[in-house]
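Asks: Structure for the following, please:
(2 chains, ligands or ions: 2)
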Amino acid sequence: MEKRAYESTGETLIRPIIRRGRAYYTFVFSLMAVIVWGGYAYYTQLSEGLVVTGMRHIVLWGLYITNLVFFIGISHAGTLISAILRVTGAEWRRPITRMAESITVFALMVGALMPLIDLGRPDRMLNLVLYGRIQSPIIWDFISIATYLTGAIIYLYLPLIPDIADLRDRLTWKGWRGRVYKLLSLGWNGSEEQRKRLERAIKIMSVIIIPVAVSVHTVVSWIFGMTLRVGWHSSIFGPYFVVGAIFSGIATIIIAMFVFRRVYHLERYITALHFKHLGLMLLALDASYIYFTISEYLTASYGAEAADLELLGALFWGQYAPEFWVFAIGGLVIPAFMIALPRTRTPAGVTVAAILVNIGMWLKRFIIIIPTLSRPMLPYEWGQYQPTWVEWSITAASVAGFILLITIFSRFLPIVSVWETVGERMATEGGIPLPSTFTMAANTHSVPLSGEESDRV
Amino acid sequence: MRASRRSFVKAVGGATAAIAAFFGLAGRDFTLFTKAVAPSNGGKPRKWVMVIDLERCDGCKKCTEACINENLVPPTFGAEPSFQGFQEWIKVFELNHEEGAAHQHQEAGAHLPTPCMNCQNAPCVKVCPVGATFYSEDGIVLIDNTRCIGCRFCMAACPYERRFFNWGEPPHSAQEQLIEYDPRYPVPHRRGTVEKCMFCAHRVEKGRLPACVEACNKAGMKAIYFGDAFEDVVTNGSEVVRLSELLSRRGGYRLKEELGTKPRVYYLPPTGR
Ligand code: SF4
Ligand code: SF4
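Replies: Ligands and ions are numbered 1, 2, ... in the order given. Just a heads-up that it's a prediction; the model follows:
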């Protein structure tokens, strides 16, 4: 398979594409097993109807809509890290933009499936196109998610072109893979002209994608905000959701960084510096999210309307108190301390904080949706919601699907942008600036970006 | 020159029309692709209203029972305790328990029958992504169960929780199979779609009273009136009264008036209890 010996720094980055061990296949197959099980659960739901879920009158949405908000939230990773850092020209972003952009695309794909799984009549999905009414927030969602997904795919693809061309040249593979690389590289040869155009295109896309991303999560929040329900009908919901999305998006990148760094031995590229920078961003977002959460609940409780108090009671000490406090303490306060204290601001510490954040944010989406629905609008009893195995299986499958997509992606294309990382380093150190054609002789084992040896910065 | 100016004017006109159409669409009362349902009064639109006298209602649930029989109402599929396990398109709440305290109507010992309010500014119609829920020309909120995609957004949006979902396959009787589906009489019922009270649209267009009104009258309570607000008359099956006079004399009100949904169901408060 290998036609050349790789001595360069770029070698580590494409090694996962060349060699796939047993572990990889085992991992992929176990993920697939989870997905197949989820498929079986969905088959059950298709054949018997939503009656196999825990949803009923009056709690009419459940885990699927929670997952929708969760995955769309994660998809904000790409936008923030990649687009904002690109626009502001933050150099340290280079090794992580690709990761962020791919998380965006795959989280969106999985997230967009969720409302479709939730439909009572998936067979009539096409009605959304045939009879779509622009007055409905669901149609706003449909349009904005479709736009965002298209934009995110373009935004992932553009910076990939030089790397694909590089793979095309370096690995003279026969068969379909070679052909696909050739096709996708769009005849890239690394000329000055091409490079200029590409960089311009990336710049434009990174500016465009930011408002699109912000609009997507705002519109998702409006599904709730536009109803006349206590706990949802709040003008803070747009920004609240956007901040929450960026928050969980950063957390997801941190987790991905940690895993890829370990598994693909990318310590040279993804350094403690990245964990520190992203950790501090996570901390800032954590603080903003605490701020929003306090404003939301304080405003509701100070006015002390009966309906508001009922709902807050259920959250603070009632039926939903466990979820609420795990979110508030475990998902907001503890991660904040873990990042704030230099002792725990290590790659491992930041990653643990990020995992806590994501668990907390999933729970937060749950307690945004379910308690408001279970609070009766007429003198009913409170509604009860107990997710069934079907819902849990589909949820597990969606997480597995997300991980599978990004794993497979990283095995066909470099998860760290080679031309932007290695090429750039060579450029700044007087090497050859061109991406795909870099002759790897120069700069073998150059100095890492920073602080590779120490885990703490 | 002239030709190009004309085409320019045309283009501007077209663009204006398009923008106007867009904002027209965004208007709250306009439903795209509304099913044309003929008014029941030979071209003259009706304005059906219901008035429920809480003074007379004793909570016997004859209305609920009649509704279930009339509309072959599907079961709840194991949702909250309900009248014999069926969806209660008209549900009778008891207002004397503690739960009611947080709500608007706390008249001790009173009962509150709640059909769909057939709001004139209905949140459910507003949010439906596919226009499956719409106003008939008589102002009744109907559901097209052949178009509904089952997203349940309308249920989340209804401030009265008057919408029900067929979580599983509703049972189908032989009797039901013979009926041709119409949004005014949504039988046979369909899995994965939304259902609710539609003021017995199939009956009122033939000049009959809704099943619940008839049953309440038969039971001797005579608590539910039904009629046309344009003609300003309502009847409970025994007496015919002037709507405006009845409402002002008894202090009629609507549920959650403050939400601006403009319900077409009025309540007369229980005064003597
Ligand atoms: S009561 Fe609910 S279902 Fe009936 S018209 Fe009003 S919003 Fe729609
Ligand atoms: S459940 Fe049906 S009627 Fe209700 S909003 Fe969705 S498509 Fe419309």
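Asks: Let's verify B:Tyr267: helix, strand, or coil?
Replies: Following DSSP: H, G, I helix; E, B strand; the rest coil, B:Tyr267 is assigned to strand.
Asks: now swap in B:Val92 and tell me
Replies: strand.
Asks: Between the two ends of stretch B:173-186, how far is it?
Replies: 14 Å (C-alpha to C-alpha, to the nearest Å).
Asks: quick one: terminal-to-terminal distance for stretch B:237-252?
Replies: 19 Å.
Asks: contacts for it?
Replies: B:49, B:51, B:53, B:55, B:209, B:213-214, B:216-218, B:222, B:225, B:227, B:229, B:232-235, B:266-269, B:271 (C-beta atoms under 8 Å, 6 or more residues apart in numbering or on different chains). Glycine gets a C-beta too; all of them are placed from N, C-alpha and C.
Asks: Of those residues, select the buried ones using a ChimeraX command.
Replies: Buried residues within these, by 16 or more other C-beta atoms under 10 Å in any protein chain shown, are selected in ChimeraX with:
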select /B:49,51,53,55,209,213,214,216,217,222,225,227,229,234,235,266,267,268
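Asks: In the chain, where is pLDDT below threshold?
Replies: Since you didn't name a chain, this refers to chain A. A:1-10, A:172-173, A:423-457 (pLDDT under 70).
Asks: that's the wrong chain, I meant chain B
Replies: B:1-43, B:79-80, B:96-108, B:272-273.
Asks: On the three-state scheme, the closest residue to chain B within the stretch 351-457 of chain A is what?
Replies: Nearest residue of the stretch 351-457 of chain A to chain B, counting by C-beta to the nearest C-beta: A:Pro379, 4.1 Å away. Per three-state DSSP, the local secondary structure of A:Pro379 is coil.
Asks: ok, back up a step: check the contacts of stretch B:237-252 against chain A, which are close?
Replies: Contacts with chain A are made by none of these, judged by C-beta under 8 Å from any C-beta of the partner chain.
Asks: Identify those among the contacts of stretch B:237-252 that sit within helices.
Replies: The members of the contacts of stretch B:237-252 that map onto helices under DSSP state H are B:Val213, B:Glu214, B:Cys216, B:Asn217, B:Lys218.
Asks: Report the separation between the nearest residue to the second one once chain neighbours are set aside and ligand 1.
Replies: So that's B:Glu214. Closest residue in space to B:Glu214, ignoring its immediate chain neighbours: B:Gly237 at 6.0 Å, by C-beta to C-beta, 6 or more residues apart in numbering or on different chains. As defined by C-beta to the nearest ligand atom, to the nearest Å, B:Gly237 lies at a distance of 23 Å from ligand 1.
Asks: which bits of the stretch 101-250 of chain B sit near chain A?
Replies: Close to chain A, as judged by C-beta under 8 Å from any C-beta, the stretch 101-250 of chain B has residues B:102-103, B:112, B:114, B:123, B:126-132, B:147-153, B:155-161, B:164-169, B:191-193.
Asks: Am I right that the residue nearest to B:Glu214 is in a strand?
Replies: No: read with three-state DSSP, B:Gly237 is coil and lies in no strand.
Asks: Switch the ones in helices among the contacts of stretch B:237-252 over to a markdown table, and while doing so, append distance to A:His76 to every line.
Replies: Below are the ones in helices among the contacts of stretch B:237-252 laid out as a markdown table (distance: C-beta to C-beta, whole Å):
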| residue | distance to A:His76 |
| --- | --- |
| B:Val213 | 53 |
| B:Glu214 | 56 |
| B:Cys216 | 55 |
| B:Asn217 | 59 |
| B:Lys218 | 60 |
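Asks: nearest to ligand 2, of those residues?
Replies: Nearest to ligand 2 among the ones in helices among the contacts of stretch B:237-252 is B:Val213, at 25.6 Å by C-beta to the nearest ligand atom.
Asks: quick one, what contacts B:Tyr267?
Replies: B:Val51, B:Ile52, B:Asp53, B:Leu54, B:His105, B:Leu112, B:Gly252, B:Tyr253, B:Arg254, B:Leu255.
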